[in-house]
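**Q** Can you look at this prediction? I've put the sequence above it.
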Amino acid sequence: MNILFSGNDKVFDGVLTASLSIFKRTETKESFKIYVMTMDVSHLNPNYKAISEDKIFFLDKVAKEYNPENSVVRLDVTEIYNKEFAGSPNEQCYCSPYTLLRLFMDLIPDMPDKILYLDVDILLNRDISLLYDIDVTDYEYAAARDHYGKYLIHPNYINAGVLLFNLKKVKETGLLQKARELIKTKKLTFADQSAIYRSTTRKLMLPQKFNDQKFLWKDTVIRHFSKRLFYLPYPHTENVKQWNVSRMYRVFGYNQFDDVIYEYLYWKGKYEHETC
C-alpha cells in the first residue's frame, strides 16, 4: 500500500501519529511504502524547512517495527516547486505552500499508479484497507465531501485531505497539469483543493466516514482533525491536532485513540532522547 504525506520539518508528529494509527488499525500483512514530500522554502518563512533526513530515518525505523518490509521515503521537491510555483498567486495560500506539493505527483519518476494522499492531521479509526481497496480504475481519484464546502460551495465539493489517486488515469486526463496551471494563474480561496476540484474529469464520491472532519462515529474510518467550528460557549473555531495531546483529550474527550497516543508518546520520547 502506497501512502503520501507532505509538509515541512514540523510534520514529524503528524506523520508519526498518522502512521502509527495505520499500522495499529490495519490487519493486512501487505507492506506499506510511505512517501513524505517536502521542500525548503525558508526564504518565504523561517519555518518552511524540509523535513530532515534523521527524522525520516527514525520514521522508517518505527515503520519497520511493524513490518520489516515497510519503508518511509523522503521526496525533496524544492527544485520542482521553485520551477512551477515560485511567485505564483497562491504561494502565500490559506494554509502553507506545502499543501501544493501533492500536485507534483505526476512529475516524480517511478511513483505508483495507486497512491493514497493523506493530510498529516488524521488518525485511522478502522482498517485502512476499507479505503485503499476501493476500485478507482475508472476514476482520477476518490474523495469525500468537505464538511463545510458541501454547504457553502457545492454539494460535491471535495476535501483534499484524503485522496485515493489513480495516478495512471490522472496522467491520461492531465488533472494535475491543469491544476498547476490554475495555481500559477488564478488566486484561489482554497488553493490546491479548489484547483483539483476545478480540474477534475471524473471522481468517485466517498461516504463521509472516509474523511470525517467534525465527528467520530463507530463506522468512521478516518478522523480528520481539521479546523472546525464550535458553537459553545460562543461561536468560535478550534484547530486541535492529534499531537496536541492534552488539548485533543480536553476538547474531544476521545479514548478510541489511546493506544495510538501512548505509542506516539513512547516513540517521540525515544526520538528526543536519541537526538538530544
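**A** That came through fine.

**Q** Surely Val72 touches Leu59?
**A** Yes. Using C-beta atoms under 8 Å, Val72 is in contact with Leu59, at 4.4 Å. (Each C-beta comes from the backbone N, C-alpha and C, glycine too.)

**Q** Spit out the contact partners of Tyr132.
**A** Applying C-beta atoms under 8 Å, 6 or more residues apart in numbering, one finds that Tyr132 lies in contact with 1, 114, 116, 164.

**Q** distance of it from Pro112?
**A** 12 Å (C-beta to C-beta, to the nearest Å).

**Q** Check Ile22 too.
**A** 16 Å.

**Q** Neighbour count for these two, which is higher?
**A** Ile22 (26 against 14; other C-beta atoms under 10 Å).

**Q** helices and strands around the host helix or strand of the more buried one, which ones?
**A** Element membership of Ile22 [criterion: DSSP states H and E] is helix 12-25. The contact analysis (3 or more C-beta pairs under 8 Å, 6 or more residues apart in numbering; DSSP states H and E) places helix 12-25 against strand 2-6, strand 33-38, helix 53-66, strand 122-124, helix 258-275.

**Q** redo that, cut-off 7 Å
**A** Of the remaining helices and strands, those touching helix 12-25 by 3 or more C-beta pairs under 7 Å, 6 or more residues apart in numbering; DSSP states H and E are helix 53-66, strand 122-124, helix 258-275.

**Q** Phi, psi for the residue nearest in space to the middle of the chain please.
**A** Against the mean C-alpha coordinate of the chain, by C-alpha atoms, centre = their mean, the closest residue is Asp119 at 1.7 Å. Per-residue torsions, Asp119: phi -60, psi 160 (degrees, to the nearest 10).

**Q** rewinding a little: who's in contact with the helix holding Ile22?
**A** 5, 32, 34, 36, 51, 55, 59, 62-63, 66, 118, 120-128, 241-243, 257, 259-260, 263-264, 267-268 (C-beta atoms under 7 Å, 6 or more residues apart in numbering).

**Q** tell me how far that helix is from the chain's mean position?
**A** Put simply, helix 12-25 sits 11 Å off its chain's centre (C-alpha atoms, centre = their mean, to the nearest Å).

**Q** when you give positions from now on, start the count at 22
**A** In the new numbering, first residue 22, that becomes helix 33-46.

**Q** I'd like the helices and strands packed on helix 33-46 as CSV, with mean pLDDT appended.
**A** Listed next are these as CSV, based on pLDDT from 0 to 100:
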stretch, mean pLDDT
helix 74-87, 98
strand 143-145, 98
helix 279-296, 96
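
**Q** Most tightly packed of these?
**A** strand 143-145 (a mean of 26; mean count of other C-beta atoms under 10 Å).

**Q** what's it packed up against?
**A** helix 33-46, strand 243-245.

**Q** Paired strands for it, with orientation please.
**A** Applying DSSP bridges, strand 143-145 is found paired with strand 243-245 (antiparallel).

**Q** Contacts for the partner strand next, please.
**A** 140, 142-146, 182-183, 231-234, 237.

**Q** buried residues in the helix or strand following that strand?
**A** Downstream of strand 243-245, the first helix or strand assigned by DSSP H and E is strand 249-251. Residues of strand 249-251 classed as buried by neighbour count (16 or more other C-beta atoms under 10 Å): Arg249.
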